[in-house]
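1. sequence first, then the predicted structure, then my questions.
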Amino acid sequence: MNNTSDNTNSKLDLSVRIVSGVGDTRAGLMGKLGIRTLRDLIGYFPRAYEDRTVFKEINGLTPGEAVCVRAVAATVPELSRVKGGLDLVKFRAADDTGILDIVFFNQKYMKNAVKLGEEYTFYGKISGTLLRPVMTNPLFEKAGLSGRPDSGATHTGENTGRIVPVYPLTSGLSQNVLRAAIRRGLDECGGIIPEILSEETEEKYGLCNAAFAYENIHFPADAASLDIARARLVFEELFVLSAAMKQLRARRTVLSGISMEMQDVRGFTDRLPFKPTNAQLRAIQDASNDLSQKRPMNRLIQGDVGSGKTLVAAACCWMAWRSGYQSAFMAPTEILAKQHFQTLSDLLEPFGIRISLLTGSMGAKQKLDERAKLKKGETDLIVGTHALISEGVDFSNLALAIVDEQHRFGVSQRSRLAEKGGSPHVLVMSATPIPRTLALMIYGDLDVSLIDEMPPGRQAVETFVVTEAHRERINAFIRKLVGEGRQAFIICPMVEEGEEPDEDIKSARMYYETVRKQVFPELRAALIHGKMPSAEKDAVMTAFVKGETDILVATTVVEVGVDIPNAALIVVENADRFGLSQLHQLRGRVGRGEHKSYCVLFAGSAGDVSRARLNVMRATNDGFRIAEEDLKQRGPGEFFGARQHGLPELRIASFAEDMLILNQAQTAAEDVFRRDPELALPENRGLAEQAARLFETNTGRLN
């Protein structure tokens, strides 16, 4: 390790208190933003920018625009008190073309801050009229640092005449204080900002150096410099992330696992009462190859709703059983666990495989009995909820851990199941379609098998995008379907009123009352939402599964999983409030049986853009096409919900906007690893350190 690198890192990792003007109080406030070191400070990137480079003369001002105006204080500022007890400071500023009224509310110190006859640059939003423009509470500073704005000279004021960064804040910390601290922090870092990318990579992808990038992402010289800086930092962030994912995969290859005897999977598939699809067979073969290796399997089975992922899981359990080992299957909810227990029992019990169920709601004695059988090796496959990872659940010889709807579990929960058996093979399943490029990044060290074809007989759900004008027709359609013995979902975006300040957004609780008392008083309606206790949710869903309820009013708590063949209609209220991938998941609740099924999306008062977005749902039932569209429009959060996808928080890159750069960064990382798999060469030292730092700061989050 050379001393230069040591000195660079040691200074960057010093407390932010080394920056002039940052004492204990400000350091504490910055800590709330995750800023604790000098490295954190210069890496705290703006969330937006204000373009304060536009100068106008007073006679060219338009109400509503935000501009800079260079003018002289033409009257003495006067302080008065207006209705409501507000202090008002008012004066006039003038240039060669006209008069601009300047007003400050509740800033009486401004009376003495502005001097008659002095020239200032004011920045703010114009109000008033074309003939009598007004600027309220503007930023301002003395002019004179440059020539007139129309002379071509660059104005270099601190707050005007430049592109100004806007940062996420916390209470007690202002933009000006944070900007000043970052300015001084960058000055402290003169010459020591590390170069993660080699000169060769910078040249190949047309990227600037790190020092230029950090300077211009915070204090851009102009719009072009900002674009150049952002491109470099986005590339670097995705490059480091790609490298970290590659290291995860490399680590797994050196782990020692349970090598099972290679099975002829036809011994399983030939005895099924139906023929698996080619996609299912490919996934089964992928898993079979993994299970026979000496390193643990870590495979994702990704397939659309209804594509038959559970069959692949069953085949893996059969292979483990044939080799004399136990399997565990973990589902996110009790009702899903029970559903999987039934499906797996139907598929595997004919082979003599002993299957048990373990959930939180089971009686104490029943739990003890199931745990005892498991420990003695009298159970071959245990299906359950997170109860499987609780204390006291011990296996005789666990070799395969399967996690359904893996994005619903934290990485640590998945790991705890795997820890029950040393280094078991791990199979995770997801019905959330994800574009392949993104899946390879997000799932890092997982091999991906794609089930991209539907079993025969699976019906496409007919989808309609409608407005309130169709409400009575849709209500009549619901009555017709229920009269034929079918059931319906009605999905609302909120649980209760007041979650969002919009009276047009429907809440499940209020709309349930409307449905039950006014719209369908003759039908059996029920309510389910995420704030209900688990036992109550399970009871409501069980009643719906049994056909004891006609209409289920719900939030997205029903988005994933439960198989209700008799449900033939899903109505989504305020559909424009949902992402396309989420709507596709919701649509997957119907069309699971023999009955023709429908999805109705109420667009509400959505504009043309929102309605065009919803029309993607009408055009296709292909979850992967929908996912690609969703990624373009809304980013990866739609696939995973809040922070559940195992990736570290991106500081500047966006999976939605930067897919081209992501592809380039992944290619660059592959090139580096081909030449230097251990990242041991001097030119890759910075990359190795940054990847290690990523692991340190995201313990338990990276897959």
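-> Yep, that arrived.
2. what residues of stretch 288-308 count as buried?
-> By neighbour count, and taking 16 or more other Cβ atoms under 10 Å as the criterion, the buried residues in stretch 288-308 are 288, 290-291, 295-308. The C-beta positions use only the backbone N, C-alpha and C, and glycine is treated the same way.
3. can you give me the end-to-end distance of that stretch?
-> The straight-line separation of the ends of stretch 288-308 (Cα to Cα, to the nearest Å) is 17 Å.
4. cool, and stretch 491-506?
-> Stretch 491-506 has its terminal residues 9 Å apart, counting by Cα to Cα.
5. then stretch 569-583?
-> The first and final residues of stretch 569-583 sit 13 Å from each other (Cα to Cα).
6. pLDDT of it, averaged?
-> Taken as a whole, stretch 569-583 has a mean pLDDT of 88.
7. what of stretch 22-30?
-> Here the mean pLDDT over stretch 22-30 is 95, rounded to a whole number.
8. export it as PDB, just CAs?
-> Output in PDB follows, covering the C-alpha atoms of stretch 22-30 (Å, rounded to 0.1, in the frame of the first residue of the first chain):
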ATOM      1  CA  VAL A  22     -18.400  23.100  11.000                       C
ATOM      2  CA  GLY A  23     -18.600  22.800  14.700                       C
ATOM      3  CA  ASP A  24     -20.300  20.200  16.900                       C
ATOM      4  CA  THR A  25     -23.800  21.500  16.200                       C
ATOM      5  CA  ARG A  26     -23.500  21.700  12.500                       C
ATOM      6  CA  ALA A  27     -21.600  18.300  12.400                       C
ATOM      7  CA  GLY A  28     -24.600  16.800  14.300                       C
ATOM      8  CA  LEU A  29     -27.100  18.200  11.800                       C
ATOM      9  CA  MET A  30     -25.000  16.900   8.900                       C
END
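9. hey, which helix or strand in the protein has the poorest pLDDT?
-> Between all helices and strands in the chain, the lowest mean by mean pLDDT, DSSP states H and E belongs to helix 637-640, at a mean of 47.
10. pull out the buried residues from the next helix or strand after that helix.
-> On the C-terminal side of helix 637-640, the closest following helix or strand by DSSP states H and E is helix 659-675. Neighbour-count burial for helix 659-675 flags 659, 661, 662, 664, 665, 666, 668, 669, 672, 673 (criterion: 16+ other Cβ under 10 Å).
11. same check, this time on stretch 264-274
-> If you call a residue buried by 16+ other Cβ under 10 Å, then stretch 264-274 has these buried ones: 265, 268, 269.
12. now do that stretch: everything it contacts.
-> Contact partners of stretch 264-274, identified using Cβ atoms under 8 Å, 6 or more residues apart in numbering, comprise 276, 281, 284-285, 288, 311, 314-315, 318-319, 322, 347, 350-351, 455.
13. what packs against the lengthiest helix in the chain?
-> For the chain, the longest helix by residue count, based on DSSP state H, is helix 223-253. Counting contacts by 3 or more Cβ pairs under 8 Å, 6 or more residues apart in numbering; DSSP states H and E, helix 223-253 is packed against helix 210-218, helix 436-442, helix 659-675, helix 685-697.
14. hang on, residue 471 in a helix?
-> Yes: Residue 471 sits within a helix when classified using DSSP: H, G, I helix; E, B strand; the rest coil.
15. number of residues surrounding it?
-> 12 (other Cβ atoms under 10 Å).
16. go on, residue 21?
-> Neighbours of residue 21 (other Cβ under 10 Å): 10.
17. tell me the pLDDT at the residue nearest to residue 615 when sequence neighbours are not counted?
-> Once its chain neighbours are removed from consideration, residue 615 has its nearest residue in residue 465; the separation is 5.9 Å (Cβ to Cβ, 6 or more residues apart in numbering). We note a pLDDT of 92 for residue 465 in this prediction.
18. gap between the host helix or strand of residue 465 and the chain center?
-> Assessed by DSSP H and E, residue 465 sits inside strand 462-466. Counting by Cα atoms, centre = their mean, to the nearest Å, strand 462-466 is centred 27 Å from the centre of its parent chain.
19. start the count at 74, not 1, going forward
-> Got it, the first residue is 74 from now on, which makes the last one we talked about strand 535-539.
20. in that strand, what's buried?
-> Residues of strand 535-539 classed as buried by neighbour count (16+ other Cβ under 10 Å): 536, 537, 538, 539.
21. what comes into contact with it?
-> When contacts are defined by Cβ under 8 Å, 6+ apart, strand 535-539 is touched by residues 547, 648, 660, 669-676, 684, 687-688, 690-691, 694.
22. in helices only, show me the residues you listed.
-> Among these, the residues falling in helices (DSSP H) are 547, 660, 684, 687, 688, 690, 691.
23. for the last one, give its distance to residue 275.
-> What it means is residue 691. The spacing between residue 691 and residue 275, counted by Cβ to Cβ, to the nearest Å, is 46 Å.
24. of the two, which one has the most company?
-> More neighbours surround residue 275 than the other of residue 691 and residue 275, with 17 against 13 (other Cβ under 10 Å).
25. which SS state does that one fall under?
-> In three-state terms, and counting by three-state DSSP, residue 275 is helix.
26. chain neighbours aside, what residue packs nearest to it?
-> With Cβ to Cβ, 6+ apart, the residue lying closest to residue 275 is residue 282, at 6.7 Å.
27. now do the same contact list for that neighbour.
-> Applying Cβ under 8 Å, 6+ apart, the residues near residue 282 are 268, 275, 305.
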